[in-house]
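# Kindly generate the corresponding structure for this input.
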Amino acid sequence: MVLRLAAAATAVGFTLAGDVRLPPEQLHLNFGITDSELTIQWVTQNNSKNDKVIWGLSESSLNESASGDSVVFTVDNRSDWFTHVATMNGLKTDTFYYYKVGDDLNGYSNINKAMNRRQATVDKPYKHIFLGDMGTACAFSLCKGCNQHELYCNASTCSQNTTVGLVGETDADIFTHVGDFAYDLGDDNGRVGDQFFKNIEQIATRTPYMVSHGNHEDKAIDLAHFLYRFRGMPSNAVPNVFNSTNGMTTNSLYFSWDYGLVHYIAMSTEIWYEVSDKNTNLTTFVNWVKKDLAKANQNRHNFPWIVMHGHKSVYCSCDSDCNGEAARIRKVLEPILFEYGVDFFINGHEHNYERMWPTYQSKSDQSNINPRATVYVVTGAAGSHEMHEPFTMPQPSWSAFRSNTFSYSRMMVHNATHIHWQQVQTDPTLFPGADYGRVIDDTWFVQNQHGPFNASLAPKVRPTSCDTCSEYDHWTGLLGLDDGSNRPTVELIKSFRSKYGDDAWRTKLDQLMSSLSSNLTVWEDVRGDGNSDGAWAKKSMK
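Residues are numbered from 1 along each chain as shown. Modelled structure (predicted):
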């Protein structure tokens, strides 16, 4: 069951009067193929044969330039528009560059500033930010000014709230969005997608914004938007192109890159669910990722940590998704992660946060010191109109911490052996304003033995108790189910549904919706898109 807010505004895309020429918009950076490259992507209403990126070491000395390309997008039910990609090259690491994009006919963007591949120091480690499932409306993690009433949450909206939230992460080296964008990219003929990219410009023009594909990008139109709006990603996929409804473009369903002591692999869990063309499918991904991981293991002296990120879970414990979808993906993916010693698998999809202990075959040592299996993290609560959800399954022993508040993740990479992990609460709906930006989970990972995991040393015991588990669950008071027994919310929900039935449970949730936001919220049965407690109305909790 997911709480969904009905958007109260319509996105506005390009505004034209006759043949008005508009400057570039929706700028976002990503890492290039090499250490000396940064790629910038943008959108225009008009075509250009001379678009370019111009850059230099100061605003007054933009002395370098590189040509961009212009590719038309035709499948929205509105005027055609164009995506552009250009790459700044010959860049030095640990150096700030100023840049603008555009052409003489349509005009140029404002001048932006970005650092190319900062090098960490003892007192300032690499900071990698993860977020999942962030919409155009309800983008609560972006800044305190974002709300459920408006699709607009751009730099103007956030100008009074720049110290916390994603806009406050000014020292971040990378943002990684693990699927589900805008809700949805193709909605209102792509205008919701337009506004999403306008909203994130305030962070994505200064820091690379890396991505993986989610289920809200499954439909043909949304998939085309994802592929074309992120076609500048440093894809090394095989095959390297994908045939969408808008034509052939870069295959960004899976690819890898290195930065900050980490080898990253972006992948699409939707390949398990028939998102493919004639050439890209689950088999091609498995073949590619095994070769990529083998190569990454040969380079662990330079990039000791390996992080894979996708959208749907391999492990989770919030609801029925964790029995069906997760098990289907786990059957294929878990042996690969274990064999090649992948340190972390990070995903979204569930609109909550959950950090697992190092886990293999549902067994865990409940220790983050020299993990003997992959650590799984769900971070799918950056904020969308589907809101967050109650836990309807008990927390298992391999789950270290879970919370159903809006939040995003920080991963601070100190060196080859130590990572500091934090979860930052960004929930303005049910908590005091002072709680926004509060760290709710804080832990360290120490790994002195990077490399493939050893089956003989893998976790062998499935603990029967959850003494090491923590849960931050605010639903008990909201639902009015607290009976003084101090039982966890999941047990109270189970008892209520068992005693009164699912019709009463549905009424209870409808009452909650009315009390939270009159006329702005509806409950959505999301079994069709695979979210949350899928077929809840037909499922007995006994």
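# and the gap between residue 162 and residue 140?
15 Å (Cβ to Cβ, to the nearest Å). In this view, the C-beta of every residue, glycine as well, is placed from N, C-alpha and C.
# Compare the two (neighbour count), which wins?
Comparing residue 162 with residue 140 by neighbour count (other Cβ atoms under 10 Å), the higher total belongs to residue 140, at 31 against 15.
# What residues of stretch 377-394 count as buried?
377-393 (16 or more other Cβ atoms under 10 Å).
# And for stretch 464-471?
Quick answer for stretch 464-471 (16+ other Cβ under 10 Å): 466, 469, 471.
# what about residue 492, which SS state?
Classification of residue 492 by DSSP: H, G, I helix; E, B strand; the rest coil places it in helix.
# same check, this time on residue 257
Here residue 257 is recorded as strand under three-state DSSP.
# so it touches residue 235, yeah?
No - using Cβ atoms under 8 Å as the test, residue 257 is too far from residue 235 to be in contact (9.4 Å).
# looking at this, residue 66 is in a strand?
Yes - counting by three-state DSSP, residue 66 falls inside a strand.
# Provide a list of residues in contact with it.
Counting by Cβ atoms under 8 Å, 6 or more residues apart in numbering, residue 66 makes contact with 52-53, 86-89.
# Take those and keep only those in strands.
The members of the contacts of residue 66 that map onto strands under DSSP state E are 52-53, 86-88.
# Enumerate the strands of the stretch 201-350 of the chain by residue range, in sequence order.
Assigned by DSSP state E, counting those that start in this stretch, the strands in the stretch 201-350 of the chain fall at 209-211, 241-244, 247-250, 255-259, 262-266, 305-309, 344-347.
# next one: the last one to chain centre, how far?
If I follow you right, that is strand 344-347. Remark: strand 344-347 is offset 10 Å from the chain centroid, using Cα atoms, centre = their mean, to the nearest Å.
# Can you name every helix or strand that it contacts?
If contacts are counted by 3 or more Cβ pairs under 8 Å, 6 or more residues apart in numbering; DSSP states H and E, strand 344-347 sits against strand 305-309, strand 375-379.
# Let me have those in CSV, adding mean pLDDT as columns.
Formatted as CSV, the helices and strands packed on strand 344-347 follow (pLDDT from 0 to 100):
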stretch, mean pLDDT
strand 305-309, 98
strand 375-379, 98
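# what's the closest of the ones you listed to residue 155?
Nearest of the helices and strands packed on strand 344-347 to residue 155, taken as Cβ to Cβ: strand 375-379 at 24.3 Å.
# Export the next helix or strand after that closest one to CSV, keeping only CA atoms.
As assigned by DSSP states H and E, the chain's next helix or strand after strand 375-379 is strand 399-403. Listed next in CSV are the C-alpha coordinates belonging to strand 399-403 (Å, rounded to 0.1, in the frame of the first residue of the first chain):
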residue,chain,number,x,y,z
SER,A,399,18.1,-6.4,8.3
ALA,A,400,20.3,-4.0,10.4
PHE,A,401,18.1,-0.8,10.1
ARG,A,402,14.9,0.2,8.4
SER,A,403,12.9,3.4,8.3
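# From the contact counts, what lies against strand 399-403?
Strand 399-403 packs on strand 353-356, strand 418-425, strand 439-446, strand 470-472, going by 3+ Cβ pairs under 8 Å, 6+ apart.
# what mean pLDDT does that strand have?
What strand 399-403 shows for mean pLDDT is 95.
# ditto for stretch 210-222
Across stretch 210-222, pLDDT averages out at 97.
# Point out where the protein drops to low pLDDT.
Residues of the chain that meet the criterion pLDDT under 70 lie in 1-21, 476-478, 509-542.
# In it, mark out all the helices, start to finish.
In the chain, the segments counted as helices under DSSP state H are 155-158, 191-204, 220-229, 282-298, 325-339, 475-479, 489-500, 502-516.
# what's the spacing between the second one and its chain's center?
Right, the one you point to is helix 191-204. Chain-centre distance of helix 191-204: 15 Å, with Cα atoms, centre = their mean.
# got the angle for it vs helix 220-229?
30 degrees (axes from the mean of the first three to the mean of the last three Cα atoms, to 10 degrees).
# Just the CA trace of helix 191-204, in CSV.
Provided in CSV are the C-alpha atoms of helix 191-204 (Å, rounded to 0.1, in the frame of the first residue of the first chain):
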residue,chain,number,x,y,z
ARG,A,191,6.4,18.4,-19.5
VAL,A,192,6.7,16.7,-16.1
GLY,A,193,10.1,15.4,-17.2
ASP,A,194,11.1,18.9,-18.4
GLN,A,195,10.3,20.4,-15.0
PHE,A,196,12.2,17.6,-13.2
PHE,A,197,15.3,18.5,-15.0
LYS,A,198,14.8,22.2,-14.4
ASN,A,199,14.5,21.3,-10.7
ILE,A,200,17.7,19.3,-10.5
GLU,A,201,19.8,21.8,-12.4
GLN,A,202,20.7,23.5,-9.2
ILE,A,203,22.7,20.4,-8.1
ALA,A,204,23.3,18.6,-11.5
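# Perfect, that will be all.
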